Each structure stands twice: as structure tokens, then as C-alpha cells.
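K.L.:
With the sequence up front, the predicted model follows.
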Amino acid sequence: MSSQRATEEVVELVSQLIRFDTTNTGEPETTKGEAECATWVAQQLEDVGYTTQYVESGREGRGNVFARLPGPPDSDRGALLIHAHLDVVPAEPSDWSVHPFSGAVKDGYIWGRGAVDMKDMAGMALALARQFKRDGTVPPRELVFAFLADEEAGGAWGSHWLVENRPDLFEGVTEAVGEVGGFSLTVDRPDGTQKRLYLVETAEKGLGWMRLVADAQAGHGSFLHSDNAVTEVAEAVARIGRHTFPLVMTDSVSQFLAEVSAETGLDFDPTSPDLETALFKLGNLARIIGATLRDTANPTMLKAGYKANVIPQKAEAVVDCRVLPGRQQAFEREIDELIGPNVTREWITHLDSYETRFDGHLVDAMNNAILAHDENGKTVPYMLSAGTDAKAFAKLGIRCFGFAPLQLPPDLDFAALFHGVDERVPVDAVLFGTKVFEHFLLHS
């Protein structure tokens, strides 16, 4: 087993992927680049002998590419899906120290929008798919490589459309790996040494964008008004924005805290009232872990009025809601109490939460792959506070994990790079990840 072919080209593949401006604004008329990028990916796969399927998911330009690498002919194991999205969130070039779509390789990093979310994993998957085909590799089970559109806007015109309209593309798939997992967290141990924990995503919160609406009698701004739509929505938004939802300990978070406590000797007791304060000992990762202890509802948009001296008939707000597994009904009851009787709500987008167990052959293969290239490493489960395309694949009964391995510098604020200015990924981390991912796929 040698990842030489893949490691020789993976950095250039990631850089080239970044050079495609695949900005997803959430609006079809301004979203761009997915078809061009997907066509290029298909060509890279076809150049080494794959037969690819290019599928536009419900709208022109929403390009997706699929390729399959067969396993042993007598295998009765289900296929493994390796999925990566090609779209990225917008970036303002004037804010960056390099152009966000330059794919620049400098100072030991690959720079650009999508470097960590998630063209690094797309590049690793593409490099390994090409290597396996050229080398005539037969993996232990069939591998399905999928490069997808529209994840950054919830996947309605990407993974969810494909699952609902083209489930045949996922025929035989029983498990999947995708983004936001496998990256390292360096922790200090009681004996003065350090340990690298590689976080495997086993759960993610539900996603809901909720619209609040208040209707009232329009009128002149100089009159007295007992019912004002702006006031009603503003008060509802303020109550939601200041509300603290109850702490709920899910299995994934509980296991993560137990693993970190065991390695560090620090007290991350799930029953402690000081748990959230203790999390700050985890440094930059505290933001992600802290957001998985409770539901969140953050007001993000307001819309009302058309003239300074006119009381508007309608006022609206949008709230970004992230809900823990098993909490949806209780969450909605709390929201209804907060908004009161004069404000209505509706879901603009609603995607369920997801959680699976941290066990089984695939989990063992992840840990063994890490240990093969980092004897000081260990995989641990965690929950993502955001969401991925796993939400769509779970509808088909596919068991999903986040595993895009990266060995990161201990002082790198990795969480801040997602959707951030000067997004970048260490070259060494990508080379490490390619080797680990190869080991994993060949023992999955």
C-alpha cells in the first residue's frame, strides 16, 4: 500500500478545486460555478478510466458527479459512500490577504474559500480515487465517490434532491463518510505529555430557519397605536435572542467529554453546573462543543416598513434554529411560549438532527488508520453544531460519519477558518490526511 501517487498530486488538486469560484449565495440566479467544477472533477476521474455520472439536481447548473470503484465480486458487504460538496459560501476579496479563489500555496498552507469547507476532502477523495483506478486497486467493499452541489444552502438542490429523485445513485450504500470530522485536537495530559484526539462526527444538530410574522393595522406614525407589527416582532425576537434553552446531554457529547476528561484529568462532569465554564479549557474548540449542549435560536434578519411615518401592516424576522437530537417538539413548544399569541411562525427550511453510535467495523477502521500514521493519536466521537449532507443520506438508512482526517498544529484556530476570512488548510495536514484516508478506505 502506497499513497505516493495521491500525495504527489493532492495539493494541486485542492488548489485547482479552490480556483473554481463555486459561490453559493442561496439564490439560484447568483449561485455559480458548480457545473464547471463538477465537469472538471468528472474529467479527472474519466482520465484514469472511471465511468462517471453527471447529474444536475433539479436546476440547471447544480452539478453533481458520481463514480463507483467495485469491491470483490463475491463481497456481500454494502458500499461505502465518500461524499464532498463543491460549493462554497461567498467571500469578499478585499477582506482577504490572498484572493479567495487563488488556491495559493504559500507559508505551508493552501489558501482560499473552501480550503477546509470542504475542497480539502474533495481533493483527497479525488486523488485517492484516481490512484486506486490507475493502480487497479480492489477495495474491501465497493466505494461510491460523490461530489455534490448546494450543501452550503441546505442541500435542497443537491443531496436532498438526489435522495428524493435519484435514490438509484445510492443503491447498495450502507455507510458514508463526509466532512467536519477526523481533525486533531491536541490536549495536555497530567504527566506533561500531549495527546492528539481526532474528532469523528457521530451526530449533528437539526437545522431550521424560522420566519416570524406579525400583522397589525396600518396607520399614520403620529397616532397612538396599541398594536404595532414592528413592536410585536421586535419583542418576540428579543425574547428568543435572550432565551437560554436547557442543557441536554446527548450520547455523542457525553462520550466526548468522558474521553477528554480521561486524557486530560480535567473535570468535564456532565452534571456539573460549571460545565460550560470548564469547556473554555479546550481553547478554540469550546465554541463548537458549547453549542452542542443546548438548542440555539439566533435572530438573524428583520424586515418591516416602507416609510418613516407609516405604521406597517406586517413585520417579519428570521431566526436560525439549531436543535439537538430528540428535542424538536420541546424546542417548538418553548418557541411558541416565547413569541406569544400575536406572532406566527413558519419553517423556511427544516432539516432533522442526526446521531449514530460510535461503534462497529467502520469506527475501528478509522481509529486504526489514525494509529497507523500517528501512534500518539486516538479517535473520539463528537457532535457538530451545524449540519452536513449526512442529513439527506440518513433518509435512505445510510449510517453517516464525519471523517476527513487532518493533523493540525496545536495553536491553529480551526473552527474560525470555516466560512472565515483567509480560510486555509496546512499542506502537511492534507498530505497526512491523504495517507490516513487511503489506509481507512482500504480497510473499511
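P.N.:
Right, received. Where do you want to start? Numbering: from 1, shown residues only.
K.L.:
When you work out contacts or count neighbours from here on, use the C-alpha atoms and nothing else.
P.N.:
OK.
K.L.:
Mind telling me which residue is nearest the centre of the protein?
P.N.:
Thr388 (4.0 Å; C-alpha atoms, centre = their mean).
K.L.:
Please tell me how far that one sits from Met124.
P.N.:
To Met124, Thr388 is 18 Å away according to C-alpha to C-alpha, to the nearest Å.
K.L.:
what does Glu164 give?
P.N.:
Here the distance between Glu164 and Met124 works out to 28 Å (C-alpha to C-alpha).
K.L.:
Over to Ala286?
P.N.:
For Ala286 relative to Met124 (C-alpha to C-alpha), the value is 28 Å.
K.L.:
ok, these two, which is more surrounded?
P.N.:
Set side by side, Ala286 and Met124 give different neighbour counts by other C-alpha atoms under 10 Å, the larger being at Met124 (28 against 17).
K.L.:
next one: phi and psi at the residue lying closest to the more buried one once chain neighbours are set aside?
P.N.:
If the residues on either side of it in the chain are set aside, Met124 comes closest to Thr434, at 5.5 Å by C-alpha to C-alpha, 6 or more residues apart in numbering. Main-chain torsions, Thr434, degrees, to the nearest 10: phi -60, psi -40.
K.L.:
what does Thr52 give?
P.N.:
Main-chain dihedrals, Thr52, degrees, to the nearest 10: phi -110, psi 160.
K.L.:
what's across from the spatially closest residue to it that is not a sequence neighbour in the sheet?
P.N.:
Excluding its sequence neighbours, the residue lying closest to Thr52 (C-alpha to C-alpha, 6+ apart) is Ala67, at 4.8 Å. Beta-bridge pairing of Ala67 under DSSP bridges involves Thr52, Phe145.
K.L.:
I'd like the distance between Ala67 and Thr349.
P.N.:
According to C-alpha to C-alpha, Ala67 stands 30 Å off from Thr349.
K.L.:
more neighbours, those two?
P.N.:
Ala67 (20 against 15).
K.L.:
Just list the residues touching the more buried one, thanks.
P.N.:
Each residue near Ala67 by C-alpha atoms under 8 Å, 6 or more residues apart in numbering is listed here: Leu45, Tyr50, Thr51, Thr52, Gln53, Val144, Phe145, Ala146.
K.L.:
what does Ile339 give?
P.N.:
For Ile339, the contact set (C-alpha under 8 Å, 6+ apart) comprises Glu235, Ala236, Val237, Arg239, Ile240.
K.L.:
For the first one, pull up the helix or strand it's in.
P.N.:
Okay, so that is Glu235. Using DSSP states H and E, Glu235 falls within helix 229-242.
K.L.:
so what secondary structure elements neighbour the helix or strand following that helix?
P.N.:
Using DSSP H and E, the helix or strand that follows helix 229-242 in sequence is helix 251-264. Contacts defined by 3 or more C-alpha pairs under 8 Å, 6 or more residues apart in numbering; DSSP states H and E place helix 251-264 against strand 183-188, strand 194-204, strand 377-384.
K.L.:
and of those, who's closest to Cys37?
P.N.:
Nearest of those to Cys37, taken as C-alpha to C-alpha: strand 183-188 at 25.4 Å.
K.L.:
other SSEs contacting that closest one?
P.N.:
Under the contact criterion of 3+ C-alpha pairs under 8 Å, 6+ apart, strand 183-188 touches strand 194-204, helix 251-264.
K.L.:
Return the most buried member of those.
P.N.:
Among the helices and strands packed on strand 183-188, strand 194-204 has the highest mean neighbour count (mean count of other C-alpha atoms under 10 Å), at a mean of 25.
K.L.:
mean confidence for that one?
P.N.:
For strand 194-204, the mean per-residue pLDDT is 97.
K.L.:
what comes into contact with it?
P.N.:
The contact list for strand 194-204, computed with C-alpha under 8 Å, 6+ apart, reads 180-189, 252, 263, 324-325, 353-358, 376-388, 400-403, 405.
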